[in-house]
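Asks: Test case, fold it:
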Amino acid sequence: MKFRIVGAEAWRSLAANASTTLAATMTVLIAMFILGLFMLAFSWAHDYSNNLKKQLVVKVFFCTDLACGKDATKAQENHIANLISTLPEVKSVKFVSKAEALRIMRKTNPALTDQLPGNPLPDAFEITPKRGEEVAKIASQIPTGTSVGVEKLDYGKKTAQRVLTVAHWFEAIFVIAAALLLTASALLIGNTIRLSIFSRRREIEVMKLVGATNWFVRGPFMLEGIICGLAGSLLAVIFLFVGKETAWAAIHIKGSSSAHAWSLSLVAFLLLSFGLVLGGAGSGITIRRFLKI
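Replies: Residues are numbered from 1 along each chain as shown. Next comes the predicted model:
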């Protein structure tokens, strides 16, 4: 019975204050739409950066007669292999023989291999780390020099640093933007509902004087905020769905076909949850000062 009264009062207030209701709903719509765009863009960029991280490998090139004066021995190669197997950061290791390296080069750059009198390429290990951030740490633990038969290491230091830096910036920007949007939404919803509460402050005073509890007074306003929050979030989800099916599908970045954003159903659930919490909390916190009669 009480819930029916609270619901009826909330609906009457929404209809009687259509302008403030519309303003609150549009505020939530804009904030949740922008937040949804950030979620989709960040999740896609994060997945894309993770794919780039997976391509980061440490390459160990062994000595050749041309580069070091003598070829690395099998014992030296086995020693390095045993060392790599003890590193906890290593996910997998692939041995690329000099013959296999030459076959790969003939496929990718046939013009460079037509006039070769022999095979100048070295044996090599390709080390895949468990995390892209660990390529430098792996490289630092592998010795180089003729004494161990290793000519050089290569893990694309500049490229790796650039990939990792961009990934960390994406994460930081998303967290800051999401916090700002949620805070701004709560404040704007609270200010919008405050107009409705202020216009009915006499009614609230009368209700308090005749014995109404704080929760009985607060209930309709919180329900108004929840309705506005859900309505605005639902509209934002609809616009995001339309945008994802049209504009998002037209965006293509080279090498990004394997990257995927969060599913729209997950984003919709998060936005509706945020809208519900922000609407209820924004109105509930705002009305507190008017309950002190």
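
Asks: Please determine how far Ala139 is located from Val148.
Replies: 14 Å (CB to CB, to the nearest Å). Bear in mind the C-beta positions are built from the backbone N, C-alpha and C, glycine included.

Asks: How about Lys158?
Replies: 25 Å.

Asks: again, but for Ala261
Replies: Separation of Ala261 from Val148 (CB to CB): 45 Å.

Asks: Neighbour count: these two, which is higher?
Replies: Each of Ala261 and Val148 has its neighbours counted (other CB atoms under 10 Å); Ala261 has more, 19 against 16.

Asks: need the contact list for the more buried one.
Replies: Applying CB atoms under 8 Å, 6 or more residues apart in numbering to Ala261 gives the contacts 39-41, 43-44, 47, 248.

Asks: Most widely separated two among those residues?
Replies: Using CB to CB, the pair of the contacts of Ala261 lying farthest apart is Asp47 and Trp248, separated by 14.0 Å.

Asks: residues near the closest residue to Lys54 other than its chain neighbours, how many?
Replies: Leaving aside its chain neighbours, Lys54 sits nearest to Gly132 (6.8 Å; criterion: CB to CB, 6 or more residues apart in numbering). The tally of other residues near Gly132 (other CB under 10 Å) stands at 20.

Asks: how near is Gly132 to Val163?
Replies: For Gly132, the distance to Val163 - CB to CB - is 7 Å.

Asks: Report the set of residues contacting both of these two.
Replies: Joint contacts of Gly132 and Val163 (CB under 8 Å, 6+ apart) are 52-53, 56.

Asks: How far off centre is the strand or helix carrying Val60?
Replies: Assigning secondary structure by DSSP states H and E places Val60 in strand 58-62. Between the centre of strand 58-62 and the centre of its chain there are 33 Å (CA atoms, centre = their mean, to the nearest Å).

Asks: in the following helix or strand past it, what counts as buried?
Replies: Note on strand 58-62: by DSSP H and E, the next helix or strand toward the C-terminus is helix 65-68. Residues of helix 65-68 classed as buried by neighbour count (16 or more other CB atoms under 10 Å): Cys68.

Asks: Kindly export helix 65-68 (C-alpha atoms) in PDB.
Replies: C-alpha atoms of helix 65-68 as PDB (Å, rounded to 0.1, in the frame of the first residue of the first chain):
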ATOM      1  CA  ASP A  65      81.000 -17.100 -39.000                       C
ATOM      2  CA  LEU A  66      80.200 -13.900 -40.900                       C
ATOM      3  CA  ALA A  67      79.100 -11.900 -37.800                       C
ATOM      4  CA  CYS A  68      81.300 -13.300 -35.000                       C
END
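
Asks: Contacts for that helix, please.
Replies: 71, 120, 122, 146, 151.

Asks: what's the closest of the residues you listed to Glu205?
Replies: Distances from Glu205 to the contacts of helix 65-68, taken by CB to CB, are shortest for Glu151, at 85.5 Å.

Asks: Can you classify the closest one as helix, strand or coil?
Replies: strand (DSSP: H, G, I helix; E, B strand; the rest coil).

Asks: can I see the domain layout of this structure?
Replies: Domain assignment for the chain, taken from automatic domain parsing, gives 2-52+162-291, 57-155.

Asks: Any chance of TSV for the ones you listed, columns mean pLDDT?
Replies: What follows is the domains of the chain, written out as TSV (pLDDT from 0 to 100):
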stretch	mean pLDDT
domain 2-52+162-291	72
domain 57-155	86
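
Asks: Return the most buried member of the ones you listed.
Replies: Most buried of the domains of the chain by mean neighbour count (mean count of other CB atoms under 10 Å) is domain 2-52+162-291; its value is a mean of 17.

Asks: can you map out the strands along the protein?
Replies: Here the chain has its strands, by DSSP state E, at 58-62, 90-96, 124-129, 150-154.

Asks: Could you dump these into CSV with distance to Ala268 added?
Replies: Formatted as CSV, the strands of the chain follow (distance: least, CB to CB, whole Å):
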stretch, distance to Ala268
strand 58-62, 41
strand 90-96, 35
strand 124-129, 35
strand 150-154, 45
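
Asks: Show me the one of those that comes nearest Ala281.
Replies: strand 124-129 (43.0 Å).

Asks: what's the straight distance from one end of stretch 142-154 to the other?
Replies: Across stretch 142-154, the terminal residues are separated by 11 Å (CA to CA, to the nearest Å).

Asks: ok, now stretch 123-138?
Replies: With CA to CA as the measure, the first residue of stretch 123-138 is 19 Å from its last.
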